[in-house]
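Asker: 3D model of this:
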Amino acid sequence: MATPALFDFDRQTMPDLPAEAVEHGEVFTRRWVVDLILDLLGYTPDKDLAALRIVEPACGAGAFLGAIAARLAQSCRNHGRPISDAADAVRAFDLLERNVAHSRELVEDLLHRDGWERDGVRDIAAAWVTQGDYLLQGDFRREADYVVGNPPYIRLEDVPDERMSAYRAACSTMGGRADIYIGFYEVALSSLKPGGRLGFICADRWMRNQYGRKLRQLVTRRFSMDLSLVMHEVDAFHDQVSAYPAITVVSNDKQGSAVAADAGRTFGETQAREFLAWYQAEDTRPCTTDAYQAARMPHWFPDEDSWPAASPARLAVLEDLSERFRLLEDETTGTRVGIGVATGADKVFITDDAAPVEKDRLLPMAMVRDTTSGILRWSGSYLVNPWSPQGELVDLADYPQLSSYFHRHGAALRKRYVAVKQPDRWYKTIDKVDHRLTDRPKLLFPDLKLTIHPVLDEGGLYPHHNLYFIVSDSWDMRVLGGLLLSEVAGAFVEAYAVRMRGGTLRFQAQYLRKIRVPAPEDISEGERTALADAFDKRDVKAATAAALRVYGITELPD
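Answerer: This next block holds a predicted model:
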């Protein structure tokens with residue numbers, strides 16, 4: 001680290017975890033990880049730390065407090081201050097009485113061994129460490145220069161009902177089935193002074209999961225995401241936990257440059273010093289070693305609904321493309337992403353038999369199986385279609401065969417939720433059919449696939465709900481198809497999409513909308529031809545080569 005530890009708390013015996021500790025989600029952080037976080041924040045003895053305030057929301061056995069106390073003691077000596085000047089420099093909280101007692105004793109012993117008077121350091125320790133619930137302390141009035149720690153790992157629904165209700169009332173970001181660390185982020189961020197910094201080691205699920213969306217919105221709109229150091233494979237804690245940890249640094253400032261980093265299994269104290277040196281040098285070149293990868297980006301990702309997951313080098317490329325190119329779905333080009341029709345009863349509405357109803361009530365359907373080869377090969381499926389070209393339900397009295405067919409399957413149709421909700425419209429599909437879509441050229445995407453798989457329907461089929469589609473007023477669909485066949489387009493989906501068992505990706509509309517593309521008119525005639533030819537031949541390598549040229553990048557990092 002930039003600042004050597006005065007005492008080696010990593011080698012002291014950490015307390016055994018009683019049931020009470022497990023219930024409160026305690027996980028003890030190794031000292032070298034603590035020092036890395038403090039150094040990343042800039043909490044170092046060369047500063048007059050007694051004039052600043054650092055907050056530790058859940059001090060536990062004192063892993064962070066020990067390092068903080070050591071640095072504060074050294075800072076006071078460096079600046080000619082008595083330790084009593086630091087009485088307001090630290091605020092630490094914990095719910096458990098035994099943790100408060102242990103942390104106070106740790107601070108007191110550390111400072112006394114450092115040469116400070118016993119009576120004075122006893123008062124300091126009592127002033128620093130408070131028994132209480134950090135999430136329910138009320139308004140901190142932007143009092144913190146730093147907030148640091150390892151928030152508890154516990155589901156919100158696993159705390160007592162009364163406390164859970166209090167947490168939800170106090171923390172607006174804590175929705176759904178959140179972990180309570182979401183609230184710790186919110187309260188900590190709200191307590192930061194302008195320019196103040198937060199450094200947590202915590203599960204990184206909030207960056208992508210639904211329950212973290214409100215927290216992502218808060219960070220994106222009001223703070224600067226400075227660092228995400230993923231440490232899933234790192235031995236960062238004294239006990240083995242499956243917590244998907246990452247170190248995050250967030251500051252109360254306008255969004256500036258951001259670092260994405262990923263540490264591997266061999267990342268330890270020595271490698272942490274190396275990473276810190278690279279980080280503090282503000283080097284703009286990506287850094288790759290056997291132990292970690294890191295890249296610095298001009299900005300963090302602006303989207304609030306989800307942040308991407310990929311290697312740091314790939315994230316840097318995606319962030320660059322996000323800065324320079326427009327989203328695929330765009331009013332300017334009339335490009336739209338959608339999903340095929342959901343019926344709620346496919347066994348009734350989807351048929352391979354052209355006989356059971358009036359001919360104009362059969363709508364040719366594109367199914368996932370029709371797209372397997374990459375060339376659309378219609379297998380003869382139809383939608384038994386209850387919708388008129390004007391978008392209204394047809395009157396069954398006008399279609400005796402259709403009426404007979406639907407009444408024959410009436411029991412299955414009427415028990416659907418959509419039919420229970422609207423019993424007079426019991427034969428409707430869940431989604432309305434937009435007949436204008438049928439004859440339009442469109443790119444179809446199967447929902448589940450290992451890699452991105454655009455297939456062209458030149459017109460004539462309506463997509464099933466397991467297919468997503470793209471239509472456009474401006475794009476030549478073969479050119480766009482070539483761009484979307486490329487690994488560049490696939491990288492956007494891979495960074496955002498949910499992976500299923502076996503590595504299968506979900507190519508849903510929300511992920512297809514993340515893809516960035518150039519304006520159609522900005523692509524040269526030669527590259528348009530190259531993309532279209534690659535699409536026709538299903539040549540991913542050629543499509544990727546052309547896409548790299550169009551995007552103005554030389555490679556797509558792994």
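
Asker: So in terms of bridging, what pairs with residue 263?
Answerer: Here residue 263 sits in beta bridges with residue 292, as judged by DSSP bridges.

Asker: low-confidence ranges in the protein?
Answerer: Applying pLDDT under 70 to the chain flags the ranges 1-27, 139-141, 238-243, 304, 498, 501.

Asker: hey, which strand is longest across it?
Answerer: strand 192-203 (DSSP state E).

Asker: what does it contact?
Answerer: 29, 33, 37-38, 40-42, 142-151, 153, 179, 181, 184-185, 188-189, 226, 231, 236, 243-253 (CB atoms under 8 Å, 6 or more residues apart in numbering). Using the backbone N, CA and C atoms, a C-beta is placed for each residue, glycine as well.

Asker: Name the nearest residue to the residue nearest the centre of the chain, ignoring sequence neighbours.
Answerer: Centroid check for the chain by CA atoms, centre = their mean gives residue 208 as the closest residue, at 2.1 Å. Distance criterion CB to CB, 6 or more residues apart in numbering; nearest residue to residue 208, sequence neighbours excluded, is residue 306 at 5.4 Å.

Asker: May I ask which helix or strand encompasses residue 333?
Answerer: Using DSSP states H and E, residue 333 sits within no helix or strand.

Asker: The closest residue to residue 204 other than its chain neighbours bridge partners, please.
Answerer: Distances taken as CB to CB, 6+ apart put residue 246 closest to residue 204, at 3.8 Å, once the chain neighbours are dropped. With DSSP bridges applied, the residues forming beta bridges to residue 246 are residue 202, residue 230.

Asker: I'd guessed residue 246 sits against residue 233; true?
Answerer: No - counting by CB atoms under 8 Å, residue 233 is not a contact partner of residue 246; they are 11.5 Å apart.

Asker: the more surrounded of those two?
Answerer: More neighbours surround residue 246 than the other of residue 246 and residue 233, with 24 against 13 (other CB atoms under 10 Å).

Asker: residue contacts, the more buried one?
Answerer: Residues near residue 246 by CB under 8 Å, 6+ apart: 201, 202, 203, 204, 207, 228, 229, 230, 231, 232.

Asker: Could you save those residues as TSV and add columns showing neighbour count and distance to residue 129?
Answerer: Below are these laid out as TSV (neighbours: other CB atoms under 10 Å; distance: CB to CB, whole Å):
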residue	neighbour count	distance to residue 129
201	27	20
202	24	21
203	21	25
204	22	28
207	20	31
228	22	30
229	27	28
230	23	31
231	23	27
232	16	31
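
Asker: between these, which is closest to residue 276?
Answerer: residue 229 (10.4 Å; CB to CB).

Asker: For the closest residue to residue 410 other than its chain neighbours, give me phi and psi.
Answerer: Excluding the flanking residues, the one nearest residue 410 by CB to CB, 6+ apart is residue 426, at 7.4 Å. Main-chain torsions, residue 426, degrees, to the nearest 10: phi -60, psi -20.

Asker: What count of nearby residues applies to residue 426?
Answerer: As a burial measure, residue 426 scores 17 neighbours (other CB under 10 Å).

Asker: for residue 147, same thing?
Answerer: Other residues within reach of residue 147, judged by other CB under 10 Å, total 28.

Asker: before we move on, what SS does it have?
Answerer: strand (DSSP: H, G, I helix; E, B strand; the rest coil).

Asker: sorry, back to before: what residues are up against the residue nearest to residue 208?
Answerer: Neighbouring residues of residue 306 by CB under 8 Å, 6+ apart: 207, 208, 213, 216, 496.

Asker: so who does the second one touch?
Answerer: Which is residue 208. So residue 208 contacts 306, 307, 309 (CB under 8 Å, 6+ apart).

Asker: Name the nearest of the residues you listed relative to residue 452.
Answerer: Residue 452 lies nearest to residue 309 out of the contacts of residue 208, by CB to CB, at 16.7 Å.

Asker: ok, back up a step: state the distance from the residue nearest to residue 204 to residue 259.
Answerer: According to CB to CB, to the nearest Å, residue 246 stands 12 Å off from residue 259.

Asker: Overlap of the contact sets of these two?
Answerer: By CB under 8 Å, 6+ apart, residue 246 and residue 259 have these common neighbours: 228, 229.

Asker: quick one, strands of the stretch 1-150 of the chain?
Answerer: Assigned by DSSP state E, counting those that start in this stretch, the stretch 1-150 of the chain shows strands spanning 54-56, 90-94, 129-131, 144-149.

Asker: elements contacting the second one?
Answerer: Based on contacts counted as 3 or more CB pairs under 8 Å, 6 or more residues apart in numbering; DSSP states H and E, the elements that strand 90-94 packs against are strand 54-56, helix 63-78, helix 97-113, helix 118-128, strand 129-131.

Asker: Between the ones you listed, which one is closest to residue 291.
Answerer: Proximity to residue 291 (CB to CB) singles out helix 63-78 among the helices and strands packed on strand 90-94, at 22.1 Å.

Asker: what is the orientation angle of that closest one with strand 90-94?
Answerer: Orientation check (axes from the mean of the first three to the mean of the last three CA atoms, to 10 degrees): helix 63-78 against strand 90-94 gives 160 degrees.

Asker: Name the residues of helix 63-78 that are buried.
Answerer: For helix 63-78, the buried set under the neighbour-count rule, 16 or more other CB atoms under 10 Å, comprises 63-76.

Asker: unless I'm mixing things up, residue 210 is touching residue 182, no?
Answerer: No - the pair residue 210 / residue 182 is not scored as a contact, 11.5 Å apart, by CB under 8 Å.

Asker: Between those two, which is the more surrounded one?
Answerer: More crowded of residue 210 and residue 182, by other CB under 10 Å: residue 182, with 27 against 13.

Asker: want to try JSON lines for the strands of the stretch 1-150 of the chain, with distance to residue 517 as columns?
Answerer: Converted to JSON lines, the strands of the stretch 1-150 of the chain look like this (distance: least, CB to CB, whole Å):
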{"stretch": "strand 54-56", "distance to residue 517": "45"}
{"stretch": "strand 90-94", "distance to residue 517": "49"}
{"stretch": "strand 129-131", "distance to residue 517": "54"}
{"stretch": "strand 144-149", "distance to residue 517": "40"}
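
Asker: So which of those is nearest residue 483?
Answerer: Across these, residue 483 has its closest neighbour in strand 144-149 (43.8 Å, CB to CB).

Asker: by contact count, what packs against the closest one?
Answerer: Contacting strand 144-149 under the criterion 3+ CB pairs under 8 Å, 6+ apart are the following elements: helix 31-41, strand 54-56, helix 63-78, helix 181-191, strand 192-203.

Asker: Strand partners (parallel or antiparallel) of that strand?
Answerer: If you go by DSSP bridges, strand 144-149 pairs up with strand 54-56 (parallel), strand 192-203 (parallel).

Asker: right, so these: which one is the most enclosed?
Answerer: strand 54-56 (a mean of 25; mean count of other CB atoms under 10 Å).

Asker: ok, and what's touching that strand?
Answerer: Strand 54-56 has contacts (CB under 8 Å, 6+ apart) with 43, 64-65, 68, 89-93, 140, 143-149, 188, 191.

Asker: count of neighbours near the nearest residue to residue 375 once chain neighbours are set aside?
Answerer: Excluding its sequence neighbours, the residue lying closest to residue 375 (CB to CB, 6+ apart) is residue 455, at 7.1 Å. Residue 455: 25 surrounding residues under other CB under 10 Å.

Asker: if I pick residue 455, what's in contact with it?
Answerer: 371, 374, 375, 376, 443, 444, 445.

Asker: From residue 517, how far off is it?
Answerer: Residue 455 sits 18 Å away from residue 517, taking CB to CB as the criterion.

Asker: Including distance to residue 506, could the buried residues of helix 63-78 go into CSV?
Answerer: Output for the buried residues of helix 63-78, formatted as CSV (distance: CB to CB, whole Å):
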residue, distance to residue 506
63, 39
64, 39
65, 44
66, 45
67, 43
68, 44
69, 49
70, 48
71, 46
72, 49
73, 53
74, 52
75, 51
76, 55
